[in-house]
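Novice: I would like the atomic coordinates for the input below:
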Amino acid sequence: MYLFLTFDDGFHHAVCWLPEYTWTDIEGFSESEMQHYEETTVALGLK
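Specialist: Got it, this is the predicted structure:
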């Protein structure tokens with residue numbers, strides 16, 4: 001799964017490898033933002 005968002009300061013991206021659910025190549029996201037995306041992955045039943 002590839003997360004790619006545009007912000008005023010540029011592009012932020014991260015890669016989540018399935019089925020391991022391992023986040024790599026994280027650029028521009030804070031730890032709290034990545035925690036949010038991890039929780040969203042769980043809430044959607046993807047993990």
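
Novice: so how far is Met34 from Phe11?
Specialist: Noted for Phe11: a distance of 16 Å to Met34, by C-beta to C-beta, to the nearest Å. No exception for glycine: its C-beta is placed from N, CA and C like everyone else's.

Novice: Look at the two and report which has more neighbours.
Specialist: Set side by side, Phe11 and Met34 show more neighbours around Met34, with 15 against 10, by other C-beta atoms under 10 Å.

Novice: In this structure the more buried one contacts Val15, no?
Specialist: No: counting by C-beta atoms under 8 Å, Val15 is not a contact partner of Met34; they are 11.7 Å apart.

Novice: does Glu20 count as helix, strand or coil?
Specialist: Judged by DSSP: H, G, I helix; E, B strand; the rest coil, the three-state class of Glu20 is coil.

Novice: what about Leu5, which helix or strand?
Specialist: Using DSSP states H and E, Leu5 sits in strand 2-7.

Novice: Buried ones in the very next helix or strand once past that strand, by neighbour count?
Specialist: As assigned by DSSP H and E, the chain's next helix or strand after strand 2-7 is strand 10-17. By neighbour count, with 16 or more other C-beta atoms under 10 Å as the criterion, the buried positions of strand 10-17 are 12, 14, 16.

Novice: where's the dip in pLDDT among those residues?
Specialist: Sorting these by pLDDT puts Cys16 at the bottom of the list (88).
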